[in-house]
Each structure stands twice: as C-alpha cells, then as structure tokens.
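Trainee: What shape does this take:
(4 chains)
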Amino acid sequence: MESRIMPLADAVRRHVKDGQTLALEGFTHLIPTAAGHEIIRQKRRNLTLIRMTPDIVYDQMIGMGCASSLEFSWGGNPGVGSLHRFRDAIQNGWPNAVTISEHSHADMAGRYQAGASGLPFSVLRGYVGSDLPKHNPNIKSITCPFTGEVLAATPAINPDVTIIHAQKADRKGNVLIHGIIGIQKEAVLAAKAAIVTVEEVVEDLEAPMNSCVLPHWVLAAVCEVPMGAHPSYAHGYYDRDNAFCKEWEVISRDRDRFLEWMNAHVLGTPNHAQFLAYAGIR
Amino acid sequence: MESRIMPLADAVRRHVKDGQTLALEGFTHLIPTAAGHEIIRQKRRNLTLIRMTPDIVYDQMIGMGCASSLEFSWGGNPGVGSLHRFRDAIQNGWPNAVTISEHSHADMAGRYQAGASGLPFSVLRGYVGSDLPKHNPNIKSITCPFTGEVLAATPAINPDVTIIHAQKADRKGNVLIHGIIGIQKEAVLAAKAAIVTVEEVVEDLEAPMNSCVLPHWVLAAVCEVPMGAHPSYAHGYYDRDNAFCKEWEVISRDRDRFLEWMNAHVLGTPNHAQFLAYAGIR
Amino acid sequence: MSFSQSHPGYTPAEIMTIEASRRLKDGTVCFVGIGLPSAAANLARLTHAPDVVLIYESGTIGAKPDILPLSIGDGELAEFADTVVSVPEIFRYWLQGGHVDIGFLGAAQVDRYGNINSTIIGSDYAKPKVRLPGAGGAPEIASNAKETWIIIKQSLRTFVEKVDFLTSVGHYEGGDSRARSGARGAGPTAVITDLGVLTPDPTTKELVLSALHPGVSVEQARAATGWDLKIANLIKDTAPPTQLELVTLRDLHSRTAKAHGITLAPD
Amino acid sequence: MSFSQSHPGYTPAEIMTIEASRRLKDGTVCFVGIGLPSAAANLARLTHAPDVVLIYESGTIGAKPDILPLSIGDGELAEFADTVVSVPEIFRYWLQGGHVDIGFLGAAQVDRYGNINSTIIGSDYAKPKVRLPGAGGAPEIASNAKETWIIIKQSLRTFVEKVDFLTSVGHYEGGDSRARSGARGAGPTAVITDLGVLTPDPTTKELVLSALHPGVSVEQARAATGWDLKIANLIKDTAPPTQLELVTLRDLHSRTAKAHGITLAPD
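Mentor: Modelled structure (predicted):
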C-alpha cells in the first residue's frame, strides 16, 4: 500500500490543477493556511474557491490571482474587518475578475452534507423573504410531496479537491480532528480527492470512540505541517495569532504592500517551516 | 427550574398516552427495555410503535396489546431468530391486529434526520427496483431540480415521545451516550417529548469534547434505571445477556407461556429493580 | 454610586449591552451572533441568568466563555461548552429543528419592519458601494428561531426606511406578511440600540420606539432614524446600569482585551 | 495434512466461508452483513487481508472484532473500530456517499438475476407464509456499493426462479435493466454458496455457475437451483481449505461460542 503521508508540495503538485473546484475548509479553527500558501507558490490559476467563511488565506489566494470564482456565505477577517483583496477583486477586478456565488451558512452546510451523502441536492428551510435567491440562480425551490410545503433546494457541493488542517494523523494516515470540527468531515467526504495537513504524525491517535476520525482510505494525501493553520489556531497546540490578523488589515489594504509581503513571505520561502522562520512566528 | 430527574413510572405516566406515536430506539446497544416494561405495566393501548430494529421489548409490548401499528425496517431477535409475538400479531391478529409500515434502515435513518432537522421529508438514493414502495404509500419519489434525477422521498419521523437508554446523566439531566450511538440523538431531537433512562446519575459527565451529549433542556425526563437495557447491553457497564435472548425464543413461541412469563415478571413486579431481582439477573 | 445623566459614568455602548442582557431570561436557549450579541448574552450569563444556554454557529452548545470570543469559532467557546457538534448539525438539528428560543443578531442595516441587511450597501448587487461580509447564519436564524433580537447602534446610516438588500427576514412587509412568507417564529420582538429599544406594533409590525435609555430624548431617537419613527403611548425608561452590571461588563471586556493581546474594535 | 474428497475434513459451511474470504482483497472497504458475511470478512482479515476495512451498519468503521458479533451492534465491533459514527451517518456519508467497495450480504432467497428477498415467503404481502425480518440495510447496500457479494446456502428453497418479494435489487430483470433502474455500482459480481460460486453472464447478467467446491458436481448444483442453471464454459475448482484457513476459522468460531456463552445457530 502506497503511503498517503507525503510533503505538502508533493500533495499539491499531484492533486491540485488549474481550473479545479477547490474547498479549503475550516471554521475559524484549523484553517489550512499552509496549503493555501503552497497553492500560491505553485501558481495555480482559474480556481473556483469554495468556503463558508473565506478569510485571510482566501484573501491571499485571490489577491495572488489563483481564483476566478468564489462560492461562500460569509467573507471577512473575523473580529477585525473586511477582506481588502477580496473586495478589490469583486469591485475592481484586481488582479483579475472574480465572480461570486453567495449562500447562507445553513445552506452551505447542507450542500456539503448532500455532497458527502451522494445526493444531487440539499433541502433547506431557508432564504425566506431574502433577496439572495434573486441574485443566485442556484437557489431554487422544491415542494414536499407529503405536506405541499415549498422549501429551498440547492445543488450539492462536490469539490475536485478539499483541503483541511487537523491536529494529528497516525502513520497509516488516519486523522483525528478535535474541538470545533466545523464542516470539515463533510467537505472531505464530498470531495473527489482530499488533502489533510496535520500538526503532527503520531504512533497512536488516542481517539475517543465517538470522535471525529477520518480514515486514511478516504484521503488522497496526509502532510505533516506544524503550525499549518497559522494565524488560525489548532486546539491543544497553539492559539490564534490575533496580532497578525490585525496586521493583515494593514498589509492587505494596499496592492503594492500586499504584493511585497506575499513575494517576500510566501513566494520567497520554499515551504511553511521557512515561512514561519522568515515571519518570525514562534 | 423543575428537575427533569424523576422515577421512570412518573415519566411514563406524565408523557406516554394511549394512541400516541412512540419510538423506543436503540440499535442492539442501549435498548430501553425497562421503559417498555413500564409502558406494559401502565397498560398503554393503541400505540403506533416506531423502531428501526424492533426486537424483544417490542415483541413484549405487541404481545401485551400495547400496539396497533408498527413502523420498522428489520424485526427480529438478533442472532437468534424470529419475533413470535410480532409474527402472531401480523399473521393472526393476536392479541389484536397490528398494521405495519415497512421501510429500509437507510430510509428510517434519513426520516429521523429529517424529523430532527425540522424538514417535512427525507430524500434517499434508495429502494431502486425494490417491491417495498408497492406496499408502502409513504414511499414516494422526488425529482432533483438541478439534475433531473428521480430519488425516493419519505415523510419525516416526529414521534410524540421518544425513549432511549444511555450510560449516564449529570444532576442537571445532561446525558452522555457512548459506543454504538445508533439513531438515538436524531430520535430524541425529532420527538415532541423525550425520556432518557440512564445507568447512573453522576456529578460530572466527563464527556470528551465532541462526544454525543444530549443537553437537559431537550429532554422531558431523565430516569436512573440501572441495567435498564437488559437483555441488551450498556457499553462500559454490562454485556448483552445472550442466554436470555435464546430463552426468549422459547418463552415467546407459545401464547400461554408468554403471558405467564409477562404476568409474573413484568406485571407482577412494580419496577425494574424488582423485575431484575425476580428474574435473578445480576 | 449614582450616575448623573450628563456624566452618566457609562457609555452608550455599555447601556445598550446591559439593557439587552437584562432581557435574556435564565434558561433561555439563545443562538448568539459574534460582537454585541455575544457581549450581552455573556453579561446575562455572568449576572442574572447563569443557566442561559448559549449556542454559537461554530457548533458550541452551552458555551461559557470566560473571555469574549473574537471570532465565532474561538477555542474558548469549545473549551467550556456542554458539547461541540459539527456546523451542519448546529444548523439542521438545533436551529432548523426548532430548539432555539432567541436568535440574537447584529446587522449593518435594519429597516422599519426589522428586516436585516448584511450583504451590500448600495443599490447594485454587482457594483456595491460597500461589500459587507455577507449572510453567514443570519437568514435561517431570523426565520427559524422562536423570536429574534437585533442589537445595533442607531443612526441614519443603520436605521433605514428600506434595507439596500434584504439578507434576513424580519417582519418582511409588515402585517401578517412574515407568517405568509413561510418564516417560522415571531420574528424581531426587540431591537436594542444605544438610544433605546424598539418593539413591533402588534398589528402593523412596524418598529415602534418603546423605551429610551437614561438621558436620551425622543427627538434624538427620531433624528437617528431613517423613517418617520412612531413612538409608543407609554415609553419606558431604561434603568441605569447597576454597579454589578457595569463592573461585570468592564471586567469581561478587560479580560477579553488582555487575553486576545489586542484591543477589539470598539462596540 | 491432506483432505480427501469423501471425508474432506471440513464442512460445506466452512468451504463456503473460506472461499468467500479468499475473494476479499486487502485494503477493500467492505460493508458487512451479520452472520456468514461477517464470518467470511473477518476470516479474510485474520488471514491474507489484515487491512481490509470492515464497516457494519451499526456505525462501526474499521471494525476488528476478536470474536464474531452475534448482532450487528455488538460492543466488540465498537471496541476495536477506527471510529464509531451514528447510523444515519453510516448510511448517508459512507454508503450512499460512495465509499463502499463491496456490499456483502446474506439472503433468504436469491433469483437468477441476483435479486434478494429478505421480506416474506409466499405471494401475499398481507398474509405471508413466512414473515422474514425485513429489509434492514440491504436495499441501499445493494444499490449503492460498487459491487455486491451474496453468500447463501444453495437449495431449491433459496435459489428460486423469481423471488417472492424483491427486497434488494441485483441485476433486476437482466441485461442493462439494473443500470436503467437507477441503481449504482456493478451489482452482484459473485454469489458464493456451499456448493460453488455463481457469477453473472457479462451480457444477460444471469447468474452462471463458474466454480465448484471440491467434491461437488454440476448435477448437485443444478439440483439445488430453482431455475435452469447455466454452467460456465470453464468451471473453476475451488481449492480446498488450507490448514491456516481452517484453523483460523475454527478458532474464530470457538472463541465466539465461548464469549457469547451460547452456541450460535449453525451457519
């Protein structure tokens, strides 16, 4: 059996291609930042990015020209403010035009569930009275065959590639996620291929019986990337870097300053360990 | 705040009424036998019983005349054989006629999920080619508004009362279920009222962060009933009583012997502790 | 300690948070938005409502944060929660399943019927004047909770005749239009601002000024409202903060600032 | 040790279980029914396929029971599993989600196209001759796994021209009717019995006898089949059990009997 454990650069090179639909998921916790940086380094283009809560790493990918489209339900730098690269792309088409497809959290969660469940669509008691369906042709309605009630129906999400970050994997590549687990299990199971970066590879997961475990055989690649979620956090490993999140507000406001920072920190470093060292993080 | 912790007889008296739709769930593990016995003692009638896997306790309730209808997906004495009281009721109307509504496991699970999710129906990639829909008007079809695929659609399950058994509760009535958790969380959240019997009430649940916990405020009653799942098992407390399951095959074959056993063991004892003592169980 | 009206010894943001917190009854199940709703809900929990149940959309049920979360998914929320479930579960089983008493929301704009905008400022969706973060959990919180509360600073910018974009339904077009639209629950039963409290007229469902914070005049409230604000027959006076409320809130904020290592954007 | 054909030193149930186990490749994801499928799958795991992934419908993924479960929800399955999930999750995310390679089923009746009956014996659903336990997980295992295997003792009672009740779809009415019905996966690719193995004709999809266990004749197989059984051009001979297979299977059964405190119904 070929090992699923490999360097992140190899996993991205092997599985992430131009023009794909990509979900880097994480709900404030466990955001796969290192994987996003590697996609920027490998200069992937024309990606359709999906995420419930696009934040700094999607701002970076959009600003560096990786994305042509974004599907989301809440975009911002949590607790800080707006995503300036995201706004610049939508409002001014810089560095390229990015189309958006906008949903609600409940809907996105249901759509991932449908994707993970092998169903073509999701049913939701939602969008009542909202203007969102007027601007999103993917929000349709469906009638209950028993009660006659009309509900919202939206297409399942089945990304070409889902990437998430987790606390640990064992040597076979079984992964344990712990704490705020978000939408990660669904995003992985819905994908055609899934990459997981982890804080560490251990001998024994020591997973409680009913915890959130992803068996190695649903994963395409598992990559050991310590602090791979920075500036997000990994429960039990390190806290959120709130100072960096505030700093990003300043870096990202200006196109030149953004490019300068990305060139030096991301394109100028060969991998996440070097990025952390260069940025002086821990 | 009124305490949810009360004797089982009080909980059944307060919440279980003739003619209701009732789900006593448990998937081989944690079957709420003591609660079923209490319903028999209180002589509830005309119940619509729902359960994915009706086994001994439903055989007893049906044989004692509590049920007029049964909704299920697999009925048997696991590892042993048939349910004789269930068969006698269906085939011969003894002690009263019982109508059945038959589904598959995947469908029942989805229907409970829909019920827990506040949706009126469930969508399933199922029953393809099967004769079951011919005999069950509740299995309809629905067309995906995006792909045009035709899928099965079935009504949500929302029992009047769901009863489950779990390992432990704290003094507020928060419940931890551990091991094979089956459909219990969905059955509880889908119900108008939920009763949980537990092996023990403890100071601290010591629940792992992402484990299956039911907060006290979704429960109508929590009852401490040690060995309340016998002859089923409670992971971490006691094993399945396979000898009793085999013995039930003999007791239940014959109407008179069945009635004699139920009269002596269940109607003849005031509660589960006395039942266990009378039956010489542990 | 007494509070004079001219130098009340507390800020408008504080009285807004405190007044919102007072309304949260012990034992209520509250689906909490980040920011002001979270501050008010936790103040309630730390004062008169120790058994209020706080649910955050990140999946934390019965959260008891000792510091205010900076984001909806902070580890602090998980650490002391009764249980932590997945995001689809929180929206499907707990919110849509009908287990939430109060949906507690912030907003960028609110209109006379309590409809919420958190999507764009401007009239053209494709070319917005300001692109806001988007819907998040709000549309389904607003249409599935048993009732909704909105907490927002009152100004001509935020209190508009008609929202630029209807993200999350309130009383929709007034009257019984909300119920006819298929939304569940009572909709917005209170809009708590830095000036006072608005509640819907029982028939028209238009938001009516029904309480004023100490020292605030009806004229101030009218001036900060983008429609012809109706005033309740009997206007209540919000009680000034108690010492306990103020100290608890300030302690909470100072613990929060210290823990996060940064000063939060002011409420 | 050698096995003579007249006194082969093993039972028909044993060679059936062993032959089924041999077909399970290491690393395969197998959704396992209770009874014979479970015995065969665990024998494979204990011999040539240590990394076979066993999923039981009770929610246990990567189960590694040391004794055979008496029921689909035995604690033994949970104790050594990689993870234990809820029943809706197992059916929706794992089976319907398309992650199962082999759906391994038992049956009360199977017909010439590999359709399964586990509902009733008799022609009248309302008044059956025998009421069987019912569908359980089988209909969706049969229509969602990448392929299906059926393990069943072959007799005129079990091998019928047409099932009394079609619980779970096989090759339906033959030809391409399965694919047209909307079922996913290849359907039954093997029916393993106590006499031999049947596999579908590539075009008609009718089950054809393609292997015989040691000492069993074509005539015996025909006599135990309720339709005009077709025979493959080249019939394979099942290899007799190896010492390792037989000892492992018997140890498994004896550990099982001892642990459950009762003798299981014979396979």
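Trainee: so where's the chain shaky on pLDDT?
Mentor: The chain I'm using is chain A. A:1-2 (pLDDT under 70).
Trainee: looking at chain C here, not the other one
Mentor: C:1-7, C:262-267.
Trainee: which residue ranges form the helices in it?
Mentor: Under the criterion DSSP state H, helices of chain C are mapped to C:12-23, C:36-46, C:75-79, C:87-89, C:138-144, C:177-181, C:218-223, C:243-260.
Trainee: likewise chain A?
Mentor: Going by DSSP H, chain A shows helices at A:8-15, A:33-41, A:56-63, A:84-92, A:105-116, A:132-135, A:184-190, A:242-253, A:255-262, A:272-279.
Trainee: can I assume A:Asp239 is in contact with A:Pro231?
Mentor: No. A:Asp239 is beyond contact range of A:Pro231, at 9.8 Å (criterion: C-beta atoms under 8 Å). In short, each C-beta sits where N, CA and C put it, glycine included.
Trainee: So which of the helices of chain C is nearest chain D?
Mentor: Closest to chain D of these, according to C-beta to the nearest C-beta: helix C:87-89, at 10.2 Å.
Trainee: Could I get the contacting residues of whichever residue of chain C sits closest to chain A?
Mentor: Ranking the residues of chain C by distance to chain A (C-beta to the nearest C-beta) places C:Gly73 first, at 2.6 Å. Listed by C-beta atoms under 8 Å, 6 or more residues apart in numbering or on different chains, the contact set of C:Gly73 reads A:Phe27, A:Thr28, A:His29, A:Pro78, A:Ile180, A:Gly182, C:Tyr56, C:Ser58.
Trainee: do that again at 6 Å, thanks
Mentor: A:Phe27, A:Thr28, A:His29, A:Ile180, C:Ser58 (C-beta atoms under 6 Å, 6 or more residues apart in numbering or on different chains).
Trainee: For PyMOL, write a command that selects the buried ones of these.
Mentor: Applying 16 or more other C-beta atoms under 10 Å in any protein chain shown to those, the buried members can be selected in PyMOL as follows:
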select buried, (chain A and resi 27+28+29+180) or (chain C and resi 58)
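Trainee: contacting residues around the nearest residue to A:Cys223 once chain neighbours are set aside?
Mentor: Leaving out its chain neighbours, the residue that sits closest to A:Cys223 by C-beta to C-beta, 6 or more residues apart in numbering or on different chains is A:Leu8, at 4.1 Å. Each residue near A:Leu8 by C-beta under 6 Å, 6+ apart is listed here: A:Glu38, A:Cys223, A:Val225.
Trainee: Which positions in the stretch 51-200 of chain C make contact with chain B?
Mentor: C:Asp82, C:Thr83, C:Val84, C:Arg92, C:Tyr93, C:Gln96, C:Gly97, C:Gly98 (C-beta under 6 Å from any C-beta of the partner chain).
Trainee: neighbour-wise, which of the residues you listed leads?
Mentor: C:Val84 (28 neighbours; other C-beta atoms under 10 Å in any protein chain shown).
Trainee: follow-up on the earlier one: pick the most buried one from the helices of chain A.
Mentor: helix A:105-116 (a mean of 30; mean count of other C-beta atoms under 10 Å in any protein chain shown).
Trainee: Mind listing residues that contact that helix?
Mentor: A:52, A:73, A:121-122, A:124, A:126, A:154, A:156-158, A:183, A:186-187, A:189-190, C:87-88, C:91, C:136-137, C:140, D:93, D:97.
Trainee: how does it look with 7 Å?
Mentor: Residues from elsewhere that reach helix A:105-116, judged by C-beta atoms under 7 Å, 6 or more residues apart in numbering or on different chains: A:52, A:73-74, A:121-122, A:124, A:126, A:154-158, A:183, A:186-187, A:189-190, C:57, C:87-88, C:91-92, C:95-96, C:136-137, C:140, D:93, D:97.
Trainee: How about the contacts made by A:Ala245?
Mentor: Residue A:245: Cys, not Ala. A:Ile56, A:Asn77, A:Gly79, A:Val80, A:Pro231.
Trainee: Any figure for the gap between the last one and A:Ala89?
Mentor: It refers to A:Pro231. 21 Å (C-beta to C-beta, to the nearest Å).
Trainee: The first one now?
Mentor: Counting by C-beta to C-beta, the gap between A:Ile56 and A:Ala89 amounts to 14 Å.
Trainee: Could you do the third one as well?
Mentor: Separation of A:Gly79 from A:Ala89 (C-beta to C-beta) stands at 22 Å.
Trainee: follow-up on the earlier one: so which of the residues of the stretch 51-200 of chain C next to chain B is the closest to D:Val163?
Mentor: C:Arg92 (37.2 Å; C-beta to C-beta).
Trainee: How about the contacts made by that closest one?
Mentor: Contacts of C:Arg92 (C-beta under 7 Å, 6+ apart): A:Gly110, B:Ser117.
Trainee: if we go to 10 Å?
Mentor: Shown in contact with C:Arg92 (C-beta atoms under 10 Å, 6 or more residues apart in numbering or on different chains): A:106, A:109-110, A:113, A:122, A:124-125, B:113-114, B:116-119, B:189, C:86, C:140.
Trainee: now swap in A:Lys17 and tell me
Mentor: A:Arg44, A:Arg45, A:Asn46, A:Leu47, A:Asp160, A:Val161.
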